[in-house]
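Enquirer: Build me a structure from this.
(3 chains)
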Amino acid sequence: MSLVLKAEKIGKWYGNVLGLSDVTIEIGPGITGLLGPNGAGKSTLLKLLTGQLRPSIGRLTVDGRPVWNNTALFRRIGFCPEQDAFYDEVTGDEFLTGLLRLHGYAEAEARRRAGRALEIVELAGGGDRLIRGYSRGMRQRIKIAQAIAHEPEVLILDEPLSGLDPLSKRKIIRLIKDYRSEGRTVVVSSHVLPEIEALTRSIVLIHQGKILAQGDIPYIRELIDAHPHVVAVRSADPRRLGSLLVADRAVQSVSYGPEENLVTFETRQRDRFFDLLPRVVAESGLDLEEITSPDDNLQAVFDYLVGK
Amino acid sequence: MPIAEQGYVHWEGRLDARRRPWRPIARLGIRLAFRRKYFKFVLGMAFLPALIFAAGVYISERIGDFREMLRGADRFLKIDPDFFKAFFASDYLLFWMLIIMVLAGAGLISDDLRHNALQLYFARPLRKKDYLQGKIFTLAFFLLLLTLVPGFLFILLKIIFSGSFAVLAEFPWLPASVAGWSLFAAAFFSLCTLAVSSLSRNRRYASILLIAAYFLSDIFFGIFFGIFRDPHFALLSVKTNLQQVAAAFLGARPLFDVPWAYSAAVLAALAGLAGFVLARRVRGAEVIR
Amino acid sequence: MAEGSIFRVFVFALRLVRRAKKMRVFAVLSLLPVLLAVILRLNAVASPGRGLDGLAVFGNIIVAFGLQFLVLILALFYGTSVVSEEIEGKTLTYLTIRPLPKKAVILGKYAASALVLLVLVLGSTLASFFILNLGRLDYGPAWSFLGKSLAALALGVLGYTAFFTFIGTFLKKSVLFGFFFSFGWENIVQYFPGSTQKLTLMHYLKSILPGVGETSPSVLQFLMFRLDPSPAPLAVAVLLGLTAVFLALACRVFSRKEYLFEE
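Expert: Numbering: from 1, shown residues only, chains lettered A, B, ... in the order given. Next up is the predicted model:
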């Protein structure tokens, strides 16, 4: 059975500071990516969904029941918090077994589930080591293990890919994707679009405590493409590079300076432009020192969406 | 684009010989202490004896005006080494110095350990000595504020109120004694506090250890002294040892009939142990097995 | 259901408490009375001329060290740790996301801490009693003294740990507050005249200890200083009542409060 997370006009204040405002959202089975820059309110929303915080206003339910202090519901929810924090002096195995015992599993069953969770996150060999001796990737995986060990119907992961190397990221992405099977609901937060893209097509954009958009990746991509991108290129001959590219329809404008070797392009067809640029450079034999796209990031999209 | 040679590159610049890398650490420590809740209140409480003794210095020059109020207590208002000992070795002042150490010092190293900040410190051109100097200066700043500053203020006030240098003529060693004791106490408290702070990544635990060590030593002295009536058990108490050494520095009568050098040796041994602990515990990287 | 949850948290917390390196330091601290007793016993053997009033020394240790220091320090650390340590370590989430009533977290962790403290304090007290009174174990009042001392220490552990657990649920500076409470309020107000001293837990704890005529004057000297004792049954009832009240308040605050982790 799948659970639906539902927020109706919820708001959350920390004293005078606004955490979330007027958030209405419904999250069903499958993976939903919660995307927003740092401080957007992603963690606040996830903490509300997992009963760590209580909404200041509005109604928040999982499976139609309020979350705050709803003990029974926590059997069906797994949460991987953002903070890199663990109990000192416990091994991975003890950590998982101890937490599973809190769910009410008997010792043997808790051990079996802990072993299984360690296998899933590929930590079976490290279960008897102290967690504080783990690498960052291992710690992130043991955190996920504690969230999935009781096989919850809803899995909520707060920045699970943050600070990981590409290999560890790939492992965790595969793990999350595997978990979504059997109609489970998975919510993942991140501030990096490609990370979310690798996980799901369904995303929620959140910014300054408000939901900006909710939809699938192509829709968000369209928003990004509609937004003119600025690409700055440093080259030994910037004027020649500019002249070679300006005729293409992907290029909306070209400007030079302020430094001597700098040329700046504006494009609304980001993908086409980035196909074109290396080809032109290779064919012309131009020296290219640096390519930067100062607004090719989520913040620029958010600024665009909020009309800045 | 040239590709840089892979491998470790030694920095070949020269460090400024006059640089004082401990200064920013000390400044940060002092600033953070003032930001802590209740710290200003505690510091204010710690200054109460200084205010009272300063008033005492004033009254000592106006005994006639206050005779009615004093009712024979004026003998305590003679500004001599005993007056200074009464200030520096008072239980109240030592207690508040301890509280200042707990508030400003217990987390000085333990917080760095908790947040793995030592690696960040030692990734800079900073030696262990510089790091520890910065931390010691943080604590010494507050301790000297409570001891050295009032001590010199009393001498200055006495000179101003009496209009003469008689106090210095009679006790010419007094300024040196005040400075010597203040520096000794600051060094002892700072080293011990930092050593305790370095023992744990938990500030709360370090705070409790500090409090426990101070009171425990005094309780044991009380128990043994109560049973055997031998003043040498005063050597068990950190507080009593400090009071004995303070009396010696100031040329005043000690409370217990025990050579002050014994007390000084006990305190020096504790400070030495603290230094050893610090040298062992403050490291850039921690190996976890 | 709730009892099961409390027990599960108790088992989980007990493992954490036992594993912590701090535990070893506190165990050593608790064993100091035993060390003291051994030193005094050896001294008595070495100097036969000087008699050792084991019961008087024991009374001194119970009051000066046990009640007024050890119990306070241990309860202060472990009591405030129940919630504060989880917040400082940012591990609270792992407990509050489990299918447990929030009160089970408080009561289970409190029970684990209290059990460890009882073992430490009572074990060390028993050992020091036997060492100090080796030759007088047939002296009846000594056993009554021991029983009342153990009761006072046990109730002290339960009461103070409950109080510090409560303040740890809502005060960020719980250790500083606890320190002023322990070594300021409790150690000063207990000597105030009349009913004022009844505003301290220490008054009730000392009221449980033996009364006038039950032991030698040298023991009483330490125990009864300015004490205007309450009847022992009343003192026990008040201490147990206050323990229950503090725990209920801690559960209430913890269930309602949202905890944020500082960066």
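
Enquirer: if I look at the residue most central in space within chain B, how far off is residue B:146?
Expert: Nearest to the geometric centre of chain B sits residue B:186, at 3.0 Å (Cα atoms, centre = their mean). Note on residue B:186: its distance to residue B:146, by Cβ to Cβ, to the nearest Å, is 9 Å. (Glycine included, C-beta is placed from N, CA and C.)

Enquirer: now do residue C:238
Expert: 40 Å.

Enquirer: again with residue B:244
Expert: Counting by Cβ to Cβ, the gap from residue B:244 to residue B:146 is 19 Å.

Enquirer: neighbour count winner among these two?
Expert: Between residue B:244 and residue B:146, counted using other Cβ atoms under 10 Å in any protein chain shown, the more crowded position is residue B:244 (27 against 23).

Enquirer: any idea whether that one is helix, strand or coil?
Expert: helix (DSSP: H, G, I helix; E, B strand; the rest coil).

Enquirer: Provide a list of residues in contact with it.
Expert: B:234, B:254-256, B:258, B:260, B:263 (Cβ atoms under 8 Å, 6 or more residues apart in numbering or on different chains).

Enquirer: go with 6 Å
Expert: B:254, B:260, B:263 (Cβ atoms under 6 Å, 6 or more residues apart in numbering or on different chains).

Enquirer: which among the residues you listed gets closest to residue A:101?
Expert: The closest of those to residue A:101 turns out to be residue B:263 (Cβ to Cβ; 53.3 Å).

Enquirer: Can you pull the phi/psi pair for the nearest residue in space to residue A:136 that is not next to it in sequence?
Expert: What sits nearest to residue A:136 in space, not counting adjacent residues and going by Cβ to Cβ, 6 or more residues apart in numbering or on different chains, is residue A:163, at 5.8 Å. Here is the backbone geometry of residue A:163 (degrees, to the nearest 10): phi 70, psi 20.

Enquirer: how deep is residue A:163 tucked in, by neighbour count?
Expert: Counted with other Cβ under 10 Å, residue A:163 comes out at 12.

Enquirer: Can you give me the distance of it to chain B?
Expert: 13 Å (Cβ to the nearest Cβ, to the nearest Å).

Enquirer: Please point out which parts of stretch A:110-128 sit buried.
Expert: A:110-111, A:113-115, A:117-118, A:120-123, A:126-127 (16 or more other Cβ atoms under 10 Å in any protein chain shown).

Enquirer: Could I get the CA-only coordinates of that stretch as CSV?
Expert: Provided in CSV are the C-alpha atoms of stretch A:110-128 (Å, rounded to 0.1, in the frame of the first residue of the first chain):
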residue,chain,number,x,y,z
ALA,A,110,16.7,-6.7,14.4
ARG,A,111,20.1,-8.3,13.7
ARG,A,112,18.8,-9.9,10.5
ARG,A,113,17.3,-6.7,9.3
ALA,A,114,20.5,-4.7,10.2
GLY,A,115,22.6,-7.2,8.3
ARG,A,116,20.2,-7.0,5.3
ALA,A,117,20.3,-3.1,5.4
LEU,A,118,24.1,-3.2,5.6
GLU,A,119,24.2,-5.4,2.5
ILE,A,120,21.9,-3.2,0.6
VAL,A,121,24.1,-0.1,1.3
GLU,A,122,27.2,-2.2,0.5
LEU,A,123,28.6,-1.9,4.0
ALA,A,124,28.4,-5.5,5.0
GLY,A,125,32.1,-5.7,5.6
GLY,A,126,32.2,-2.6,7.8
GLY,A,127,29.4,-3.3,10.2
ASP,A,128,31.8,-4.2,13.0
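
Enquirer: can you confirm residue C:186 is in a helix?
Expert: Yes: counting by three-state DSSP, residue C:186 is located in a helix.

Enquirer: Now do stretch C:28-45, average pLDDT.
Expert: Per-residue pLDDT over stretch C:28-45 has a mean of 88.

Enquirer: same thing with stretch B:110-118?
Expert: 88.

Enquirer: how about that stretch as PDB, C-alpha atoms only?
Expert: Output of stretch B:110-118 as PDB, limited to C-alpha atoms (Å, rounded to 0.1, in the frame of the first residue of the first chain):
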ATOM      1  CA  SER B 110      36.700  20.600  23.000                       C
ATOM      2  CA  ASP B 111      34.600  22.600  20.500                       C
ATOM      3  CA  ASP B 112      37.600  22.500  18.100                       C
ATOM      4  CA  LEU B 113      37.800  18.800  18.600                       C
ATOM      5  CA  ARG B 114      34.100  18.300  18.100                       C
ATOM      6  CA  HIS B 115      34.100  20.200  14.800                       C
ATOM      7  CA  ASN B 116      37.400  18.800  13.600                       C
ATOM      8  CA  ALA B 117      38.600  22.400  13.500                       C
ATOM      9  CA  LEU B 118      42.200  21.500  14.500                       C
END
